[in-house]
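Engineer: After the sequence you'll find the predicted model.
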Amino acid sequence: FDCFTKWFGTSPHSSGTECFASPFNANITHYYSAFPSPDIDGFFGSQGDFFRLDAKTLRPGWYEANPPFSPGVILKMAKRLMELLDIARERDIDVT
């Protein structure tokens, strides 16, 4: 995460987001969980379930995705990332 911050920087308008974290392993403050929230993770800062990331809250910046190593989850993640990249392109949101 230090490398991401060094390469891509952070600012109020562009910062990092972890897509699959938990309160126990989150490295940055803006993160999504692999599981639905608001469950326990929601009480500790999770923005919610990555797969339900609302396109309205898609923000500029860099995204790091390290999902559970399950073929089903990885395929679902890839499809969702493609959807979010399309939305970002349509709305001219700069994401990495």
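Structural biologist: Yep, it's here.

Engineer: how distant is the lengthiest helix in the chain from the center of its chain?
Structural biologist: Selection of the longest helix in the chain by residue count, based on DSSP state H, yields helix 71-91. Its chain's C-alpha centre and that of helix 71-91 lie 11 Å apart, by CA atoms, centre = their mean, to the nearest Å.

Engineer: Only the buried residues of it, if you could.
Structural biologist: Met77, Arg80, Leu81, Leu84, Ala88 (16 or more other CB atoms under 10 Å). For the C-beta atoms, the positions are set from N, CA and C on the backbone; glycine is no exception.

Engineer: Would you mind reformatting those residues (as TSV) and adding columns for distance to Arg52 while you're at it?
Structural biologist: Shown next, in TSV, are the buried residues of helix 71-91 (distance: CB to CB, whole Å):
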residue	distance to Arg52
Met77	13
Arg80	9
Leu81	14
Leu84	12
Ala88	17
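
Engineer: which of these lies closest to Thr17?
Structural biologist: Nearest to Thr17 out of those is Leu84 (CB to CB; 10.7 Å).

Engineer: shouldn't the closest one be in contact with Phe51?
Structural biologist: No. Between Leu84 and Phe51 there is no contact under CB atoms under 8 Å: 10.5 Å.

Engineer: Next one: Met77 from Phe43, what distance?
Structural biologist: Applying CB to CB, to the nearest Å, the value for Met77 to Phe43 is 24 Å.

Engineer: Okay, helices next: where are they in this protein?
Structural biologist: Going by DSSP H, the chain shows helices at 2-8, 40-43, 71-91.

Engineer: Residues contacting the second one, please?
Structural biologist: For helix 40-43, the surrounding residues in contact (CB atoms under 8 Å, 6 or more residues apart in numbering) are Ser22, Pro23, Ser33, Phe35, Gly48.

Engineer: pLDDT score for the residue sitting nearest the centre point of the chain?
Structural biologist: When CA atoms, centre = their mean is applied to the chain, the residue found nearest the centroid is Cys19 (3.1 Å). Listed pLDDT for Cys19 reads 93.
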